[in-house]
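Chemist: Structure, please.
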Amino acid sequence: MPRMRITRAAAAFAALAATALVLSACTKVDESEGAASTYPEDDIRLIIQANPGGGSDLSSRALATELEKILGVSVIPENMPGAAGALAMEYVGSQDPDGYVIGFAPVEIAMLNTTQSADVLPDDFDLLGQIMLAPGVITVGADSGIETLDDLVTQAKSGAVTVANSGAGSIWEAATLGLGQATDADFTPVPYDGGATAVAAAASGETVAAVSGLGEALAQGEAVRILAVMNDERHPDAEDVETVEEAIGEEVVFGGWGGIYAPAGLPDDVHDALEAAVKEAVESESYQKFQADAGNLVVYRDSEEWTGFVDDQFALFQDLLG
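Modeler: Here you go, the predicted structure:
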């Protein structure tokens, strides 16, 4: 009889222990799930590769305002200009991939390794989503006598045509070279300190033409003539301006796009939370109004789509500028 009691007691103890193990395992899963769902707990730094007041800075700050509402923590913009954006991108890439340091990536993220020999490659980052696009436009002075893009291309086939852009290694220099390659014409890029001064050079006749964003061209008013937009469709703020393909039958698409990125290797839950927040921010009414007022297009690509797009752009710029 005592032996039976001992056996039953042992069995009961074993069952109790097994139950405890199961409960412990469930608790660990619940704790793990709870920890994952707490992101973010601290403020997030948003590194901007440009000086305050420019397009990258203003787009980043507009998005940061929306991200704060969505994530429930402060998203603090921090300007880190230098080396055509390489300084900021190398800094972000060197940080812990915990979701508390992110950055705004302009098109130069796909160019710097080629144009500046910078240690910046798309694979160094988790690309979370594209948030905007500023299509390029081709302008000439209103008194230049050049009425159409076909006129400009014809002139460039008979002799070099100078085209102002926002700086050596910039997207607008690449766009100028791309237009020349597509038309087999001689367009010579001339660097200036920013898009506004580049368009002013064309307006004054200092150069024959300029390539810039639409907003910079519109700011010159009637002093310039916009010949074409370098996009696959017309710009809603200049619907009477043809695309390059409509104007001359060649598909030439270049733009100053940008998006949000982080160091490579984010945990899946953090990556998903940031990607979803970026999408929601881009879709907000106030963010869309900001970009429309700035003359930009709201173009959203999710993480997977934007990663593929940036890889394609990286290959394009290696071929064009390398």
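
Chemist: Tell me the backbone dihedrals of residue 47, please.
Modeler: Phi and psi for residue 47, reported as degrees, to the nearest 10, are phi -80, psi 130.

Chemist: actually residue 163, not the one I wrote
Modeler: Reported as degrees, to the nearest 10, the phi and psi values for residue 163 are phi -130, psi 120.

Chemist: how far away is it from residue 208?
Modeler: Counting by Cβ to Cβ, to the nearest Å, the separation of residue 163 from residue 208 is 7 Å. Yep, even glycine has a C-beta here, placed from its N, CA and C like the rest.

Chemist: How about residue 202?
Modeler: For residue 202, the distance to residue 208 (Cβ to Cβ) stands at 7 Å.

Chemist: quick one: which of those two has more around it?
Modeler: For residue 202 versus residue 208, neighbours defined as other Cβ atoms under 10 Å are more numerous around residue 202 (30 against 22).

Chemist: Check what pLDDT that one gets.
Modeler: pLDDT, residue 202: 98.

Chemist: so it is in which element?
Modeler: Using DSSP states H and E, residue 202 maps to helix 195-204.

Chemist: contact partners of that helix?
Modeler: Contact partners of helix 195-204, identified using Cβ atoms under 8 Å, 6 or more residues apart in numbering, comprise 139-142, 144, 164-166, 172, 190, 192, 207-213, 216-217, 219-220, 223-224.

Chemist: other SSEs contacting the helix or strand following that helix?
Modeler: Using DSSP H and E, the helix or strand that follows helix 195-204 towards the C-terminus is strand 209-213. Judged by 3 or more Cβ pairs under 8 Å, 6 or more residues apart in numbering; DSSP states H and E, the packing partners of strand 209-213 are strand 125-141, strand 161-165, helix 171-183, helix 195-204, strand 224-230.

Chemist: Could you check the angle strand 209-213 makes with strand 224-230?
Modeler: 60 degrees (axes from the mean of the first three to the mean of the last three Cα atoms, to 10 degrees).

Chemist: Neighbouring strands of strand 209-213 in the sheet, and parallel or not?
Modeler: Here strand 209-213 is paired, per DSSP bridges, with strand 125-141 (antiparallel), strand 161-165 (parallel).

Chemist: So what touches stretch 118-128?
Modeler: 83-86, 89-90, 92-93, 97, 102, 105, 109-110, 112-113, 259-266, 271, 274-275, 278, 303, 306-307, 310-311, 314.

Chemist: Pairing partners for the one helix or strand residue 103 maps to, with directions?
Modeler: Remark: residue 103 resides in strand 101-106, with elements defined by DSSP H and E. Its sheet considered, strand 101-106 pairs with strand 44-48 (parallel), strand 255-263 (antiparallel) by DSSP bridges.

Chemist: Now do whichever helix or strand comes after it: which elements does it pack against?
Modeler: Beyond strand 101-106 in the direction of the C-terminus, DSSP H and E gives the next helix or strand as helix 112-115. For helix 112-115, the packing partners by 3+ Cβ pairs under 8 Å, 6+ apart come out as helix 303-321.
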